[in-house]
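Engineer: following is a predicted model, sequence given first.
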Amino acid sequence: MTLKQLENLITIDQDITDDQYGTYYDKRTVEQLLNYGLILLDKPAGPTSHEVVAWSKRILEISKAGHSGTLDPQVTGVLPLGLGEGTKALGVLLLGPKEYHALGRLHSLPSKVELENVLTEFCGKIYQKPPQRSSVLRQTRIREIFELELLEQKENLILIRVLCEAGTYIRKLIYDFGEVLVDGATMIELRRTRVHQFHENYPLVTLHQIADAFADWKDKKDGSKLSTMIHPIEYALSEIKSVVIRDSAIDALCHGAQLAIPGILQISPNLQKEDLVGIYTQKGEIVALAQSLMTEDDIKEKTKGYAFETKRIIMAPDTYPKSWRSRSTIKENITNT
C-alpha cells in the first residue's frame, strides 16, 4: 500500500532500494512502531494533556512520547500522540485546522436569527487574548475562524461547531459571543473533533484499550491489537509535499547534511521555494522534514546544487549504511595518495 503523499509523484531519476536496510513503513514490528508511531487518542475529561502523555509512556514502557495541541483537563476528543522519534513529526499537525463542538449557556435568550447574525460576525480573522490560565504568553494575537455553525439551540443552551486555526481559544470565543449579546455567555462543555486531517470518526482509542492491547503483546506475544492502534508516523505527514531519495543519500541527511539534486528520485508536483516537505526513503519511511530551496522546474533542469534544507531529522543515524565521505576521510585519502 502506497502512502497518500507518495502517490502521483514526478520521477526525476530511478534507483533500487536494498531490503537489508530500513523497513517498509507498513511492515514495522510493534517494537519499531513504538519508536516511529502515532496514536490517535480519545482524551477523557479530567487529566491534563501532559498527564495523558505521562500515562501513555508508562503503559507502553517507552521513554519518549509527545502530543500535538494541548487540551484543557475537562476537554475531551482527538489528541494525537507521537511515540519515540515520531514526536519530531507532530509539529506538522499544527499547520492545519482544528474542529470543536462546544456547548454553551447564554445569559440571555436571543432569537435564532439574532444568534446566527452574531456568529457570522466572528467568521474570518479575529483578535484573541489567551485567558489568564493558559500555557502561552498573554498577548493579543490574530486567529482565523474558518467555519462557525449553530447546530442546535434549546432555550439559552447552544451547541456550535467551530473550524478554526490552531491556537484558537474556544472558551474565550464563547465569552466574546456573550459580550456582543450584552448579557454574557459561558462554555459548559467542549470536545475536539478534528486535528488537521484526523477526524473523530477516524478510529480513536482510549488509554484502557491501549493498556489491554499492550498487555496482550507483552504477556501473550500477541501484537495484533496493538499494531492496529499504533499507526506509522508517516500518516501525520499526508498533507505536506514529499520527496523520495536514494538509499545512498539517507545517512548523510540523518547526520545533518542538506539534500542535493543527485540524491533525489521523486518530488511532489508544483513544488515551490520554501515549501515544507517530508523526505522519504523508497520504502516510505520518513527521514526528515525540509524546506525547498528550488522549484519543481529547477530540480528538473539542474544536475547539481542543494535543493532542500534539512529542518528536522526524524530517522535515527545508521539506519542505512554510510555512503558519503567526511572531510577527514577525504584528507586521509589525499595524504595516502
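Structural biologist: Alright, I've got the coordinates.

Engineer: so which residue is dead centre in the chain?
Structural biologist: The structure's the chain has its C-alpha centroid closest to Leu93; by C-alpha atoms, centre = their mean the separation is 3.0 Å.

Engineer: hmm, that residue is touching Tyr235, no?
Structural biologist: No - between Leu93 and Tyr235 there is no contact under C-beta atoms under 8 Å: 10.4 Å. Every residue, glycine included, has its C-beta placed from N, CA and C.

Engineer: what are the buried residues along stretch 71-91?
Structural biologist: 71-72, 75-91 (16 or more other C-beta atoms under 10 Å).

Engineer: with just CA atoms, put that stretch into PDB.
Structural biologist: Below are the C-alpha coordinates for stretch 71-91, written out as PDB (Å, rounded to 0.1, in the frame of the first residue of the first chain):
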ATOM      1  CA  LEU A  71      -6.400  20.200  25.600                       C
ATOM      2  CA  ASP A  72      -7.600  21.600  28.900                       C
ATOM      3  CA  PRO A  73      -8.300  19.000  31.600                       C
ATOM      4  CA  GLN A  74     -12.100  19.000  31.100                       C
ATOM      5  CA  VAL A  75     -11.900  18.900  27.300                       C
ATOM      6  CA  THR A  76     -12.300  15.600  25.500                       C
ATOM      7  CA  GLY A  77     -11.600  14.400  22.000                       C
ATOM      8  CA  VAL A  78      -8.900  13.900  19.400                       C
ATOM      9  CA  LEU A  79      -5.300  14.100  20.900                       C
ATOM     10  CA  PRO A  80      -2.600  12.800  18.500                       C
ATOM     11  CA  LEU A  81       0.300  11.200  20.300                       C
ATOM     12  CA  GLY A  82       3.800  10.700  18.700                       C
ATOM     13  CA  LEU A  83       5.900   7.800  20.000                       C
ATOM     14  CA  GLY A  84       9.700   7.900  20.200                       C
ATOM     15  CA  GLU A  85      11.300   9.600  17.200                       C
ATOM     16  CA  GLY A  86       7.800  10.100  15.900                       C
ATOM     17  CA  THR A  87       7.300  13.100  18.300                       C
ATOM     18  CA  LYS A  88       9.500  15.100  15.900                       C
ATOM     19  CA  ALA A  89       6.800  15.000  13.200                       C
ATOM     20  CA  LEU A  90       3.900  16.200  15.300                       C
ATOM     21  CA  GLY A  91       4.600  19.900  14.700                       C
END
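
Engineer: contacts for the strand ranked longest in the chain next, please.
Structural biologist: Ranked by residue count, the top strand of the chain under DSSP state E comes out as strand 141-154. Contacting residues not belonging to strand 141-154 are listed as 97, 101, 112, 115-116, 119-120, 122-130, 158-165, 167-168, 173 [C-beta atoms under 8 Å, 6 or more residues apart in numbering].

Engineer: rerun at 7 Å
Structural biologist: If you take C-beta atoms under 7 Å, 6 or more residues apart in numbering as the criterion, strand 141-154 is touched by 97, 112, 115-116, 119, 122-128, 158-165, 167-168.

Engineer: check stretch 122-129 too.
Structural biologist: Here stretch 122-129 makes contact (C-beta under 7 Å, 6+ apart) with 138-145, 148, 168-169, 172-173.

Engineer: and which of those is nearest to Tyr280?
Structural biologist: The shortest approach to Tyr280 among the contacts of stretch 122-129 belongs to Glu144, at 30.6 Å (C-beta to C-beta).

Engineer: what's the burial count for the closest one?
Structural biologist: 15 (other C-beta atoms under 10 Å).

Engineer: what bridges to it?
Structural biologist: Lys125 (DSSP bridges).

Engineer: and the gap between it and Thr193?
Structural biologist: Between Glu144 and Thr193 the computed distance is 18 Å (C-beta to C-beta, to the nearest Å).

Engineer: give me the three-state assignment for Leu79.
Structural biologist: strand (DSSP: H, G, I helix; E, B strand; the rest coil).

Engineer: isn't it up against Leu41?
Structural biologist: Yes - judged on C-beta atoms under 7 Å, Leu79 makes contact with Leu41 at a distance of 4.6 Å.

Engineer: which neighbours do the two have in common?
Structural biologist: With C-beta under 7 Å, 6+ apart, Leu79 and Leu41 have common neighbours Val52.

Engineer: show me where the stretch 151-300 of the chain has helices.
Structural biologist: Using DSSP state H, counting those that start in this stretch, the helices of the stretch 151-300 of the chain run over residues 170-180, 207-220, 224-229, 247-254, 296-301.

Engineer: Glu309 is nearest to which of these?
Structural biologist: helix 247-254 (11.0 Å).

Engineer: let's see the closest one as CSV, backbone CA atoms only.
Structural biologist: Extracted in CSV, the C-alpha atoms of helix 247-254 (Å, rounded to 0.1, in the frame of the first residue of the first chain):
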residue,chain,number,x,y,z
ASP,A,247,19.4,4.9,-0.2
SER,A,248,22.9,6.4,-0.6
ALA,A,249,21.7,9.8,0.4
ILE,A,250,19.8,8.8,3.6
ASP,A,251,22.5,8.5,6.2
ALA,A,252,24.1,11.8,5.2
LEU,A,253,20.7,13.5,5.9
CYS,A,254,20.5,11.7,9.2
